[in-house]
Structure formats: structure tokens, C-alpha cells
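A.B. asks: Below: sequence and its predicted model.
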Amino acid sequence: MSATTRRTTDFLDSLAADLQRVREITNRRFRPLTDDQLNRGPGPGKWSVGQCLEHLNIVGGLYLPVMSRKIKAAKERGSKPAEMVVHGFFGKKMTDAMRLPASEKPMKAPQQYAPSGSRLPRTVVEVFTRQLDELDNLISQSRTVNANAVRIPNPIVPLLLPRLTDALELLVEHMKRHIQQAERVLDGK
């Protein structure tokens with residue numbers, strides 16, 4: 001078995017564990033923040049913790065409902081889980097790019113996915129927490145279908161239809177990247 005070949009259950013377990021770490025950081029570091037701490041940016045043009053979470057909420061708001069519909073449709077078709085995960089070329093490329101440290105590969109969010117303002121209410125943390133719950137549920141549901149065969153339209157490039165496996169991994173890696181960014185803001189780095 002090659003290093004890139006993984007059992008579907010191991011792959012989904014790994015995503016669920018990453019999501020659990022994001023949840024722990026959110027509960028420990030972001031939930032207790034005051035409005036001022038949540039909205040304090042590190043400098044001009046740099047996102048605050050609240051803006052990092054708002055960006056994740058925007059992206060999650062685009063991906064999660066589509067994933068839910070696609071998984072439901074796959075279940076209705078009688079889809080059965082695949083033993084091994086298969087990654088698509090573009091999905092793997094996008095996920096690999098997301099894994100590069102921000103210091104090595106800075107990325108600029110498309111304007112429509114950027115946070116809406118500089119003063120965000122505390123509900124931004126609650127919305128993010130609910131999205132973590134929803135994504136965790138979708139990872140669980142993905143165990144019951146062939147996630148390799150389910151295609152999820154990419155909100156930025158709709159003609160790209162990555163596999164559910166790639167879309168889930170990309171979403172989790174994207175979260176991890178912005179959670180690290182938010183932690184750097186708190187740590188003054």
C-alpha cells in the first residue's frame with residue numbers, strides 16, 4: 001500500500017480527529033474572548049480572530065449545505081462505502097496548497113469570501129461552533145456512502161467538481177490554516 005493510499009475509515013477518522021482539535025482550540029482560546037479581543041486585528045489589512053472565524057463561516061455556509069444534499073442523494077441512490085480513498089488531481093493540488101504554511105504560501109481570499117466587517121458580534125464564534133458540529137456530522141454520514149463517487153461543486157470554480165473526500169479534506173485543512181492564523185493574532189505574532 002503506497003503512502004498516499006488510505007483506508008476510507010482511517011481517512012475519515014483522521015479528519016474527525018483534526019476537527020476535534022479545532023473544536024478544542026475554539027473552546028479554549030476563542031470562546032472566552034471579549035468583544036474587543038475578538039475584533040482586535042494585528043495591523044492594517046490583517047484579520048482579527050473574529051474575521052478569521054467569519055471567513056470560515058462564509059466558506060462553510062457555501063460548502064456544508066451542498067455536501068449535505070449530495071450525501072443525502074448518494075444514500076438515496078444506495079451508494080455503499082468504498083474501502084479505499086481516491087483523491088482527484090485538482091482536489092489533491094488544492095489541499096496540498098492549503099497545507100503549505102502561510103509564511104511560505106500566503107493566499108488572498110476572494111472578495112466574496114472575505115469577512116464582512118471589522119466589528120463582529122460574539123455570535124461569530126457560536127456560528128463557527130455549529131458549523132464544526134455540522135461538518136463532524138457530514139464526516140460521519142460520509143462513512144455510509146462511496147465518498148469517492150460523490151462530487152461537490154467548488155464555489156470558486158464551479159466547473160471543478162472535486163470528490164467528497166477531497167472537499168472534506170480541503171475544508172478541514174482550510175479551517176486548520178485559519179485557526180492557526182487566529183492563534184497567531186492572539187499570540188501577537
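C.D. replies: Ah, there it is.
A.B. asks: which residues in this structure form strands?
C.D. replies: Here the chain has no strands by DSSP state E.
A.B. asks: Scan it for its longest helix.
C.D. replies: Using DSSP state H to define each element, the chain has its longest helix at helix 49-76.
A.B. asks: where does the protein have low pLDDT?
C.D. replies: 1-4, 102-107, 110-112 (pLDDT under 70).
A.B. asks: for it, which residue is closest to the average position?
C.D. replies: Closest to where the C-alpha atoms of the chain average out (Cα atoms, centre = their mean) is Leu171, at 2.6 Å.
A.B. asks: what's the closest non-adjacent residue to that residue?
C.D. replies: Distances taken as Cβ to Cβ, 6 or more residues apart in numbering put Tyr63 closest to Leu171, at 5.7 Å, once the chain neighbours are dropped. C-beta here means a position set from N, CA and C on the backbone, and glycine is covered the same way.
A.B. asks: ok, the one you found - how many residues close by?
C.D. replies: 22 (other Cβ atoms under 10 Å).
A.B. asks: Identify the residues contacting it.
C.D. replies: For Tyr63, the contact set (Cβ atoms under 8 Å, 6 or more residues apart in numbering) comprises 152, 155, 167, 171.
A.B. asks: how close does the nearest residue to the second one once chain neighbours are set aside sit to Val86?
C.D. replies: Ranked by Cβ to Cβ, 6+ apart and with sequence neighbours excluded, the top spatial neighbour of Pro155 is Leu62, at 4.3 Å. Using Cβ to Cβ, to the nearest Å, we find Leu62 at a distance of 24 Å from Val86.
A.B. asks: still on that earlier bit, buried subset of the contacts of Tyr63?
C.D. replies: 152, 155, 167, 171 (16 or more other Cβ atoms under 10 Å).
A.B. asks: ok, so of these, who is nearest Asn137?
C.D. replies: Here the nearest of the buried ones among the contacts of Tyr63 to Asn137, counting by Cβ to Cβ, is Leu171; it sits at 13.2 Å.
A.B. asks: Next up, the contacts around the closest residue to Gln37 other than its chain neighbours.
C.D. replies: For Gln37, ignoring the flanking residues on the chain, the nearest one in space by Cβ to Cβ, 6+ apart is Val49 at 7.2 Å. Neighbouring residues of Val49 by Cβ under 8 Å, 6+ apart: 30, 33, 37-40, 182, 185-186.
A.B. asks: give me that answer again for 10 Å
C.D. replies: Residues near Val49 by Cβ atoms under 10 Å, 6 or more residues apart in numbering: 29-30, 33, 37-42, 120, 124-125, 178-179, 181-186.
A.B. asks: Any chance of a PyMOL selection covering the buried ones in these?
C.D. replies: Applying 16+ other Cβ under 10 Å to those, the buried members can be selected in PyMOL as follows:
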select buried, resi 30+33+38+39+42+120+124+125+178+179+181+182+184+185+186
